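S.K.: need a 3D model of the following:
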Amino acid sequence: MNELQSYLDQQRGQMLDDLFSLIRIPSISAQPEHKPDMMRCALRWSELLKEAGADEAVVMPSDGNPVVFACKTVDPAATTVLVYAHYDVMPAEPLERWTSDPFEPEIRDGRIWARGADDDKGQSFIQVKAFEYLVKHNLLTHNVKFIFEGEEEIGSPSLEAFCRTHKELLKADVILVSDTSMLGADLPSLTTGLRGLAYWEIEVTGPNRDLHSGHFGGAVANPINVLCNLLSRVVDADGRITIPGFYDDVEELSKAERDMIAAIPFDEAAYKAAIGVKELFGERGYSTLERNSCRPSFDVCGIWGGYTGEGSKTVLPSKAFAKVSCRLVPHQDHHQISQRFADYIRHIAPDTVQVKVTPMHGGQGYVCPITHPAYRAADKGFELAFGKKPLAVRRGGSIPIIATFEQVLDIKTILMGFGLESDAIHSPNENFSLDIFYKGIEAVVEFYRHLQ
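M.R.: Numbering: from 1, shown residues only. Below is the predicted model of the structure:
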């Protein structure tokens with residue numbers, strides 16, 4: 001047993017206790033009633049960062065939820081790594097689908113089960129514990145800064161302004177993030193690109209009040225019917241998005257990149273079985289892995305209106321609502337796409353209703369070159385911890401602040417994530433493998449050892 005593994009065995013109980021102290025705080029940024037929990041979680045992180053060996057760890061105000069900043073300086077001339085993470089989590093609903101309390105972590109079948117177990121408390125804890133090991137064993141040869149925010153799950157609306165205000169404080173040579181996933185427990189991978197995001201809420205208003213569907217049905221347009229029709233027209237039968245100009249800046253994949261994606265082990269039958277569908281659907285002419293990582297997409301994230309309670313009520317509703325999003329690819333500007341979508345929906349809406357489209361949040365896509373020295377260090381870290389060289393893959397998710405870091409701080413980001421699709425992030429029964437958790441710490445330690 002090597003020194004790191006021995007240390008992890010000795011610290012196992014305390015590490016989990018500390019992680020669980022974070023998970024038990026319901027830091028749900030989307031729900032205003034949890035505002036006090038955001039500060040509680042930020043303060044707890046500052047305590048843990050200080051205990052891990054940071055020279056300073058402070059909670060700083062932003063225009064929204066507080067930001068945790070910490071740093072350790074070993075040599076002003078040394079390379080500086082800025083570790084980014086987020087301490088906010090998604091709402092836990094629907095609660096009835098959890099097999100245990102989402103904010104009372106449990107260990108079952110070698111996994112931690114709780115909201116935030118993976119995204120992002122578990123993964124960010126990997127970074128902190130690797131840092132702690134290096135500090136306590138006098139192995140840290142790089143300066144390390146930490147910035148943990150509390151608004152990532154709502155689009156990081158306050159972080160860009162924070163970065164602009166504190167640009168000198170955040171100065172670094174590379175940013176390191178653990179908030180992405182691997183292809184599989186036995187298929188380590190490094191994320192080289194992320195999709196961007198645009199998100200809207202749509203409100204369709206018909207009559208000035210709810211109407212009796214017997215007296216008015218067939219004579220007055222039903223806002224829910226109209227909304228469904230509008231949304232159905234955004235994607236055609238070939239899976240192409242119909243918004244005018246939507247594909248203007250979409251870069252076609254090169255043959256080399258398509259070949260690299262095709263070489264990724266992928267069992268489509270197992271993929272369908274895992275999510276319980278008979279067939280898949282997407283843009284014609286592209287593989288499943290291309291569609292969910294390198295091509296844009298449109299989805300209805302929520303839709304509601306009318307009567308949804310127990311029993312029946314024959315009502316023609318006054319209003320209908322939907323929340324919708326587009327995943328975008330690098331070079332697509334989310335501001336431009338947001339405006340084009342709103343213009344399109346208003347253009348195709350009939351005069352029988354009034355339509356309001358409200359942009360919510362968004363972010364740009366991101367690509368990291370695999371020739372970057374820090375990418376090579378991460379590659380080596382994965383290889384040593386997991387026993388095989390990781391694959392370089394683009395992922396379909398979005399972390400809007402990553403592109404902002406490049407634009408505002410002029411720093412490239414290495415996406416060194418350890419999650420799995422089976423971790424069910426954003427869903428009931430989120431979980432995180434303890435085996436991967438410990439291997440992740442080893443991989444990050446090796447990252448620092450091989451970073452020039």
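
S.K.: who is the nearest residue to residue 216 once chain neighbours are set aside paired with across the strands?
M.R.: Nearest residue to residue 216, sequence neighbours excluded (C-beta to C-beta, 6 or more residues apart in numbering): residue 316, at 5.3 Å. (C-beta placed from N, C-alpha, C; glycine too.) Taking DSSP bridges as the rule, residue 316 bridges to residue 211.

S.K.: list the contacts of residue 316.
M.R.: If you count contacts by C-beta atoms under 8 Å, 6 or more residues apart in numbering, residue 316 has them with 206-207, 210-213, 216-217, 220, 222.

S.K.: quick one: list the elements packing against the longest helix along the chain.
M.R.: Longest helix in the chain by number of residues (criterion: DSSP state H): helix 3-23. Counting by 3 or more C-beta pairs under 8 Å, 6 or more residues apart in numbering; DSSP states H and E, the packing neighbours recorded for helix 3-23 are helix 35-52, strand 111-113, helix 121-136, helix 434-450.

S.K.: any idea which of those is most buried?
M.R.: Neighbour counts (mean count of other C-beta atoms under 10 Å) averaged over each of the helices and strands packed on helix 3-23 peak at helix 121-136, with a mean of 24.

S.K.: by how many degrees do that helix and helix 3-23 diverge?
M.R.: Interaxial angle, helix 121-136 versus helix 3-23 (axes from the mean of the first three to the mean of the last three C-alpha atoms, to 10 degrees): 140 degrees.

S.K.: returning to that earlier point: kindly give a single ChimeraX line that selects the buried subset of the contacts of residue 316.
M.R.: A single ChimeraX command selects the buried members of the contacts of residue 316 (16 or more other C-beta atoms under 10 Å):
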select :206,207,210,211,213,216,222
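
S.K.: switch the contacts of residue 316 over to a markdown table; also include pLDDT and distance to residue 360.
M.R.: Shown next, in a markdown table, are the contacts of residue 316 (pLDDT from 0 to 100; distance: C-beta to C-beta, whole Å):
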| residue | pLDDT | distance to residue 360 |
| --- | --- | --- |
| 206 | 98 | 23 |
| 207 | 97 | 27 |
| 210 | 96 | 26 |
| 211 | 96 | 30 |
| 212 | 96 | 34 |
| 213 | 95 | 31 |
| 216 | 96 | 32 |
| 217 | 96 | 32 |
| 220 | 97 | 29 |
| 222 | 98 | 25 |
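
S.K.: widest-spaced pair of the contacts of residue 316?
M.R.: Among the contacts of residue 316, the pair separated by the greatest distance (C-beta to C-beta) is 206 and 212, at 13.7 Å.

S.K.: show me the domain layout of this structure.
M.R.: 3-194+365-450, 196-250+296-363 (automatic domain parsing).

S.K.: number of nearby residues for residue 323?
M.R.: Residues lying near residue 323 (other C-beta atoms under 10 Å) number 16.

S.K.: what's across from it in the sheet?
M.R.: Going by DSSP bridges, residue 323 is paired in beta bridges with residue 201, residue 302.

S.K.: was I right to think it contacts residue 357?
M.R.: No: if you go by C-beta atoms under 8 Å, residue 323 and residue 357 don't touch, sitting 11.3 Å apart.

S.K.: which neighbours do the two share?
M.R.: 200-202.

S.K.: just the pLDDT at residue 1, thanks.
M.R.: Note on residue 1: pLDDT of 53.

S.K.: residue 435 now?
M.R.: 98.

S.K.: before we move on, the earlier item: closest one of the shared contacts of residue 323 and residue 357 to residue 14?
M.R.: residue 201 (44.0 Å).
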